[in-house]
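Student: requesting a structural model of the entry that follows:
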Amino acid sequence: MLKKSFIDDFYENSPFEILYENGVSPSELKASIIKTYQPYFSNQDRLSEYSTDWLVSGWVNFTKLKKNEWFLTNFEKCLSLFNDAKSNNKIECFNAVALWVPEINKAVTKFWSFKNLSSDLEGLEILDFSEESFKIIGQFLEGIIKSYLRLVVHLGRLSRGKSTKKADILKLDLGGLVDELISTTDFPELFSPPPWNVRLNQWRNIAYHHNVEVKGDIISCWYGKEPNIIYLSLTRVQLTSLLNIVVNIYNTIKNAEIVFIFDNLLEYQEACEKAGTNELSIRTEVSQLELFSGISSQGFRVVDYSLNGDNSKITLRDMMDDDVMKRAIHSSQFLYHLWLHTKSKNVMIEYINYGDSPYLLSSTTQTVCEKICEGKEDISYMASQVKFELLEK
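Tutor: As a prediction, this is how the structure comes out:
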């Protein structure tokens, strides 16, 4: 059984219920996703195809990020670097992305560990708040952002026509990565963000060396070596701002990677297959986030999710007051998506109507889903292989 807190947290931070409460339809939501990403995709057909299956959770994150012009500008410049690397050497570019996939996926799973372990910062007194905030900053920079910086350095070299190897980049510590990106990209501020203009590796050093002292309402911190130590003074509000900036630097590069990968998905998948990185272990929460986002984009709320042995089941409640049977049948399409995320022998969707009454249970098997996944059957094959059980009396 899935922890209720994950479901609750997902809907607290997603816009879907509010959108559907205000009369937005699934087709309108899809149009909005396409409109948001349209300027950044070269392959518009792929954008349309992936918009409500694989891009929904990224879209939610991106719409929040793009409200800040500074981050949006850096996202666009970062994406341009990805595309420049592709233009200069298409094969090496996709090979490079595929090479860093395992490390980046491990980094993304760490995000959930940090999120689950982090305290409620607002409720902490200033000393504990400072300690916890810098701990998260250090973890993000060394444990997550560093992996993305390695990819950006690799693609940056390719964009400048400089061939390189993964082993060469692994020799660089965080300071070396930051130095190269500041000196070679047209978005150096991302790696030394204002208003402090302190390099990311120095913020990491402050956090890891515990160079922090609290006096009254002021959080003092420092970096460097004698006699060149630099001192900084932060308020609680400023430290909160710093923490948000660090998290959004991760979001900036991650969003550029998401757009680039789905804009070039077939080429990327081919490179992953050659590199042997097509089967990767993804943390449960990452997979669930994608699954829940796709379901919610179609006007359904996930009420419960369970994975027990050979069986996986999702219970959905309709967020739209529409034709009940039509919507119930519509919900059954997520059987295939559920199988993609769980690989269970048996998958089930329980549909609860807008009036909060259980209405339909749909189910199918792994054998059916595998035929579609392997290309032996079209997705329409699913319709004839689903078992329906009417739950309403």
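
Student: poorly predicted segments of the stretch 151-300 of the chain, please.
Tutor: Applying pLDDT under 70 to the stretch 151-300 of the chain picks out residues 278-287.

Student: how about the strands in it?
Tutor: 212-215, 218-223, 230-234, 300-308 (DSSP state E, counting those that start in this stretch).

Student: roughly how far is the third one from the heart of the chain?
Tutor: Computed by Cα atoms, centre = their mean, to the nearest Å, the chain-centroid distance of strand 230-234 equals 32 Å.

Student: thinking again about what came up before, of all the strands of the stretch 151-300 of the chain, which lies closest to V259?
Tutor: Closest of the strands of the stretch 151-300 of the chain to V259 is strand 300-308, at 26.0 Å (criterion: Cβ to Cβ). In this view, the C-beta of every residue, glycine as well, is placed from N, C-alpha and C.

Student: please name the strands paired to that closest one in the sheet, noting orientation.
Tutor: strand 311-318 (antiparallel) (DSSP bridges).

Student: next structured bit after the partner strand?
Tutor: The helix or strand immediately downstream of strand 311-318 is helix 324-331, counting by DSSP states H and E.

Student: packing partners of the helix or strand just after that next one?
Tutor: Moving toward the C-terminus from helix 324-331, the next helix or strand (DSSP H and E) is helix 334-342. Here helix 334-342 touches helix 284-296, strand 311-318, strand 346-352, strand 358-365, helix 366-373, going by 3 or more Cβ pairs under 8 Å, 6 or more residues apart in numbering; DSSP states H and E.

Student: most tightly surrounded among the ones you listed?
Tutor: Mean neighbour count (mean count of other Cβ atoms under 10 Å) peaks for strand 346-352 among the helices and strands packed on helix 334-342, with a mean of 23.

Student: strands paired with that strand, and their directions?
Tutor: Here strand 346-352 is paired, per DSSP bridges, with strand 311-318 (parallel), strand 358-365 (antiparallel).

Student: average pLDDT across the last one?
Tutor: Predicted confidence along strand 358-365 averages 94 (mean pLDDT).

Student: same question, the first one
Tutor: Strand 311-318 shows a mean pLDDT of 93.

Student: so how far is stretch 147-164 off the chain centroid?
Tutor: Centre-to-centre, stretch 147-164 and its host chain are 21 Å apart (Cα atoms, centre = their mean).

Student: cool, and stretch 132-143?
Tutor: Worked out by Cα atoms, centre = their mean, stretch 132-143 lies 18 Å from the chain centre.

Student: ok, back up a step: reformat the helices and strands packed on helix 334-342 as CSV; add distance to E270.
Tutor: Shown next, in CSV, are the helices and strands packed on helix 334-342 (distance: least, Cβ to Cβ, whole Å):
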stretch, distance to E270
helix 284-296, 22
strand 311-318, 30
strand 346-352, 29
strand 358-365, 30
helix 366-373, 17
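
Student: right, and these - which one's nearest S51?
Tutor: Nearest to S51 among these is helix 284-296; the distance by Cβ to Cβ comes to 10.0 Å.

Student: tell me who's in contact with D84.
Tutor: D84 sits next to S159 when contact means Cβ atoms under 8 Å, 6 or more residues apart in numbering.

Student: the most centrally placed residue in the chain sits in which helix or strand?
Tutor: For the chain, the residue nearest the mean C-alpha position is G58 (5.7 Å; Cα atoms, centre = their mean). If you go by DSSP H and E, G58 is part of helix 56-65.

Student: could you point out the helix or strand that follows that helix?
Tutor: Per DSSP H and E, the first helix or strand lying C-terminal to helix 56-65 is helix 69-88.

Student: CA atoms of that next one as CSV?
Tutor: Only the C-alpha atoms of helix 69-88 are listed here, as CSV (Å, rounded to 0.1, in the frame of the first residue of the first chain):
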residue,chain,number,x,y,z
GLU,A,69,12.7,35.4,-15.7
TRP,A,70,16.3,34.8,-14.4
PHE,A,71,15.8,31.0,-14.3
LEU,A,72,13.9,31.0,-17.6
THR,A,73,16.8,32.8,-19.3
ASN,A,74,19.3,30.3,-17.9
PHE,A,75,17.1,27.4,-18.9
GLU,A,76,17.0,28.6,-22.5
LYS,A,77,20.7,29.1,-22.6
CYS,A,78,21.3,25.7,-21.1
LEU,A,79,19.0,24.1,-23.7
SER,A,80,20.8,26.0,-26.4
LEU,A,81,24.1,24.4,-25.3
PHE,A,82,22.5,20.9,-25.5
ASN,A,83,21.3,21.7,-29.0
ASP,A,84,24.6,23.1,-30.0
ALA,A,85,26.3,19.9,-28.9
LYS,A,86,23.8,18.0,-31.1
SER,A,87,24.5,20.2,-34.1
ASN,A,88,28.3,19.9,-33.8
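
Student: for it, which positions count as buried?
Tutor: Of all the residues in helix 69-88, those buried under the rule 16 or more other Cβ atoms under 10 Å are 71, 74-75, 77-86, 88.

Student: before we move on, the earlier item: make JSON lines from the strands of the stretch 151-300 of the chain and add mean neighbour count and distance to M382 to it.
Tutor: Formatted as JSON lines, these follow (neighbours: other Cβ atoms under 10 Å; distance: least, Cβ to Cβ, whole Å):
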{"stretch": "strand 212-215", "mean neighbour count": "15", "distance to M382": "56"}
{"stretch": "strand 218-223", "mean neighbour count": "18", "distance to M382": "56"}
{"stretch": "strand 230-234", "mean neighbour count": "14", "distance to M382": "55"}
{"stretch": "strand 300-308", "mean neighbour count": "18", "distance to M382": "17"}
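
Student: out of the ones you listed, nearest to D128?
Tutor: It's strand 212-215; of the strands of the stretch 151-300 of the chain, that one is closest to D128 (Cβ to Cβ) at 9.6 Å.
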